[in-house]
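**Q** coords below, sequence missing:
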């Protein structure tokens, strides 16, 4: 009997420890709402904006819904400064291309330091349709090469004299003449999520993305129009847990 008591004590202690560990491994929240800024190799300093809602499907899996709006640039874009005004513009650019990407995804937790306030490392697979929104690129164009000639905001067209461009026109010019193209996209990434407090999150997501439109998208004059785009991206995001 005296040998049975230590054994029962050990079993009770081990069972209690396992129960506490299981409780700490359980998530104290079931939803996340986040927003972020996208940086990618097909855009400038800031590529676009991202919004996402995620719901837990177990202790180590989430399903997510969201969308992002990203500016897609051609790899041959470069800036030129006007000799007259010093204002810069993009040489030979004919169109802006913006991509609106609704997506559905799955996130799999591959590393978790703590259930509430630790570091989460998630594998992310997501994709969905794309809507390519193409708008003409307007420039301030002088009527003649003479420096004192009047100028107006017009769409840049192939063959226009770069020396007669004084800068970029208003972004609102041409919004009523935008054209749209459907497409599809998919991405694969890894996120590093940090729980600052129990109700907030901040994180970094890195990965690769591929996108295909149904029609070629002309962005730069004298360069072939492309329908397929690929990029590496970084997403800085913040949000809340519920």
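**A** Great, that's in hand. Since the structure is predicted, the reported quantities are computational estimates derived from the model, not experimental observations.
**Q** how about the closest residue to residue 150 other than its chain neighbours, what does it touch?
**A** Sequence neighbours aside, residue 143 is the residue nearest to residue 150 in space, at 5.7 Å (criterion: CB to CB, 6 or more residues apart in numbering). All C-beta spots, glycine's among them, are computed from the backbone N, C-alpha and C. The neighbours of residue 143, taking CB atoms under 8 Å, 6 or more residues apart in numbering as the test, are 149, 150, 151, 152.
**Q** count of residues packed around the closest residue to the third one other than its chain neighbours?
**A** Yep, that's residue 151 we're talking about. Nearest residue to residue 151 in three dimensions, chain neighbours excluded: residue 142, at 4.2 Å (CB to CB, 6+ apart). Per other CB atoms under 10 Å, the neighbour tally for residue 142 reads 19.
**Q** right, and residue 142 touches residue 166 too?
**A** Yes - under the criterion of CB atoms under 8 Å, residue 142 makes contact with residue 166 at 6.4 Å.
**Q** what is in contact with these two at once?
**A** Jointly contacting residue 142 and residue 166 under the rule CB under 8 Å, 6+ apart are residue 151.
**Q** How much space separates residue 44 from residue 71?
**A** Going from residue 44 to residue 71 by CB to CB, to the nearest Å gives 7 Å.
**Q** if you count what's nearby, which of those two comes out ahead?
**A** It is residue 71, of residue 44 and residue 71, that has more neighbours when counted by other CB under 10 Å, with 16 against 10.
**Q** which of the residues in the helix or strand where that one lies are buried?
**A** Under the criterion of DSSP states H and E, residue 71 resides in strand 61-72. The neighbour-count check on strand 61-72 (16 or more other CB atoms under 10 Å) flags 62, 64, 66, 68, 69, 70, 71, 72 as buried.
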